[in-house]
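In: I would like the atomic coordinates for the input below:
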Amino acid sequence: MKTFLRLAWRNIWRNKRRTIITASSIAFALFFALVMRAFQIGSYAHLIDNMVQSYTGYIQIHQKGYWNDKTIDNSFEEDKGMIDKISHIPNVTALIPRLEYFALASEGQKTKGVAVCGTNPAAETKLTRLSKKIIAGKYLEQGDTTAMIAEGLAGYLNLKVGDTLVLIGQGYHGASAAEKFIVSGILHFPTPGLNNQMVYLNLETAQNFFSAPDRITSLALNIKNINCLTAINKQVNTIVPSAAYEVLDWKIMLSDWVEMIQLKQGSAFILLSILYLVVAFGIFGTLMMMVSERTREFGMMIALGMKKIQIAGVVMIEMFFLSLIGILSGISISLPVILYYHHHPLHLVGQAAKTMIDYDIEPVMPIALQSDYFINQCLVIMIIVLLALIYPFVRILRLKLIEALRR
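Out: From the prediction side, this is the model:
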């Protein structure tokens, strides 16, 4: 075996130009595939994190019909027993009761429609890391009757910490809702939609404002590992009465985003397929040329007593070495780029940034650093090489000694 390995290694360097061209084509294809895939995975994860970790959570429990008709009249009373049972499900890290509804925010002559979220501040920050989004003032504490508002909303209404925010709306069962709140903190959200409309109150304060004592519109769950989502969803459904409540995971709540990601993944798959098709033709062309040029050599080796299967094996080892050189080179040139943009995400500007903001996406392109896509892309290269090796393998096994020696 050592002899075959040594022979194959020497053979690939007999024609250095061909070896370098073939290895380079594999290396650059792998480079573009890895960088493209890293940007895609990073962007999808960032988008999901923006929406799931910034607000919705992985699972939400509502009164039946609330998701299709988000009115405060579809709220429900907190069931302490149900909440306690759900909190003891393994891998559930936080339960956040919320009372969410809309109101009109006013300051002076300016008004704007806002989303009011009454929540438990301590529980909320476990899911959304809300306390880390404070850029001015202080985070809400239990019992505070002040309000935290999003940065974009504060800028529109020209409000600062300590100013008064007026909220006007409709409460539970048509009750009027109007009250003044001192702004105690200003929050920055990466997602423009949240950054332009969010107002946070303590849950009890929001319940008093909307005349909905002890009522909530949703119970948001955070989980330790997204891979446990299906199992946790099933356990929650066994606890929650299906006749009165609905249990929705983030893929249902953010179905538009999921469809968009799937569409982008389909487009990416087509691009990668075209890229690898070009590489496949390059590898196949190299093998055809190699077999054609070395037919007489193969004939001489057979005449000297070497078996055809052994010759085919040497050719396979040669292509393995070529692929290995290309793969290692591709990883070597792509890894620095991936590492750099993983630690320094690309911030978009101009029209590209405006387009993303219009779609309510933070104009940032982070890059993922994961071992799985490195392994997957390398496996794709090896599969292409194995498929391309069918031709020389069959050609060598069918080689006729007399015809080969006449070449």
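In: in three-state terms, label Arg98 for me.
Out: With DSSP: H, G, I helix; E, B strand; the rest coil as the basis, Arg98 sits in strand.
In: which residues does it contact?
Out: Counting by CB atoms under 8 Å, 6 or more residues apart in numbering, Arg98 makes contact with Cys117, Gly118, Thr119, Leu203, Ile216, Thr217, Ser218, Leu219, Ala220. (Each C-beta comes from the backbone N, C-alpha and C, glycine too.)
In: please report how far it lies from Lys138.
Out: To Lys138, Arg98 is 21 Å away according to CB to CB, to the nearest Å.
In: state the pLDDT value of Phe181.
Out: Phe181 carries a pLDDT value of 93.
In: so it sits against Asp144, correct?
Out: No. Under the criterion of CB atoms under 8 Å, Phe181 is not in contact with Asp144, lying 9.9 Å apart.
In: so between these two, which is more surrounded?
Out: Phe181 (22 against 19; other CB atoms under 10 Å).
In: domains of this structure?
Out: 2-51+257-406, 65-242 (automatic domain parsing).
In: out of those, the one nearest Asp249 is which?
Out: Closest approach to Asp249 among the domains of the chain is made by domain 65-242 (5.6 Å; CB to CB).
In: tell me which element the residue minimising distance to the centre of the chain is part of?
Out: Centroid check for the chain by CA atoms, centre = their mean gives Ala45 as the closest residue, at 2.0 Å. Assigned by DSSP states H and E, Ala45 belongs to helix 16-48.
In: what's the first helix or strand after that helix?
Out: Next along from helix 16-48, by DSSP H and E: strand 59-63.
In: parallel or antiparallel, which strands does that next one pair with?
Out: strand 218-223 (antiparallel), strand 245-249 (antiparallel) (DSSP bridges).
In: tell me the most buried of those?
Out: strand 218-223 (a mean of 23; mean count of other CB atoms under 10 Å).
In: run the chain-centre distance for the helix or strand just after that strand.
Out: Going down the chain from strand 218-223, the next helix or strand is helix 229-239, by DSSP H and E. Distance, stretch centre to chain centre, for helix 229-239: 23 Å (CA atoms, centre = their mean, to the nearest Å).
In: which parts of helix 229-239 are buried?
Out: Leu229, Ile232, Asn233, Gln235, Val236, Ile239 (16 or more other CB atoms under 10 Å).
In: how close does the third one get to Asn74?
Out: In this structure, Asn233 lies at 21 Å from Asn74, with CB to CB as the measure.
In: got a list of contacts for stretch 44-51?
Out: Against stretch 44-51 from outside (CB under 8 Å, 6+ apart): 190-191, 250, 254, 257, 261, 264-265, 361-362, 364, 366, 368.
In: pLDDT on that stretch, on average?
Out: 73.
In: quick one: buried residues of it?
Out: Tyr44, His46, Leu47, Ile48, Asn50, Met51.
In: I'd say Asn237 and Val247 touch.
Out: Yes. Between Asn237 and Val247 a contact is recorded at 5.4 Å, counting by CB under 8 Å.
In: helices of the stretch 201-350 of the chain, start to end?
Out: Under the criterion DSSP state H, counting those that start in this stretch, helices of the stretch 201-350 of the chain are mapped to 203-209, 229-239, 250-253, 255-293, 295-303, 308-343, 350-358.
In: mean pLDDT and distance to Thr22 added to those, as CSV?
Out: Output for the helices of the stretch 201-350 of the chain, formatted as CSV (pLDDT from 0 to 100; distance: least, CB to CB, whole Å):
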stretch, mean pLDDT, distance to Thr22
helix 203-209, 93, 65
helix 229-239, 86, 44
helix 250-253, 82, 43
helix 255-293, 79, 5
helix 295-303, 76, 18
helix 308-343, 85, 5
helix 350-358, 69, 36
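In: out of these, deepest packed?
Out: helix 203-209 (a mean of 22).
In: before we move on, back to that, among the helices of the stretch 201-350 of the chain, which comes closest to Gln170?
Out: helix 203-209 (11.0 Å).
In: just to revisit the earlier point, between Phe181 and Asp144, which contacts overlap?
Out: With CB under 8 Å, 6+ apart as the test, Phe181 and Asp144 both reach Thr205.
In: got the contact list for Gly137?
Out: Met148, Val161, Gly162, Val183, Ser184, Gly185, Ile186.
In: kindly state the beta-bridge partners for it.
Out: Under the criterion used (DSSP bridges), Gly137 bridges to Gly185.
In: how near is it to Lys308?
Out: On the measure of CB to CB, Gly137 and Lys308 end up 80 Å apart.
In: returning to what we had before: got the domains of the chain as a markdown table, with distance to Ile59 columns?
Out: A markdown table is the format used below for the domains of the chain (distance: least, CB to CB, whole Å):
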| stretch | distance to Ile59 |
| --- | --- |
| domain 2-51+257-406 | 14 |
| domain 65-242 | 4 |
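In: so which of these comes closest to Tyr58?
Out: Judging the domains of the chain by CB to CB, what sits closest to Tyr58 is domain 65-242, at 5.0 Å.
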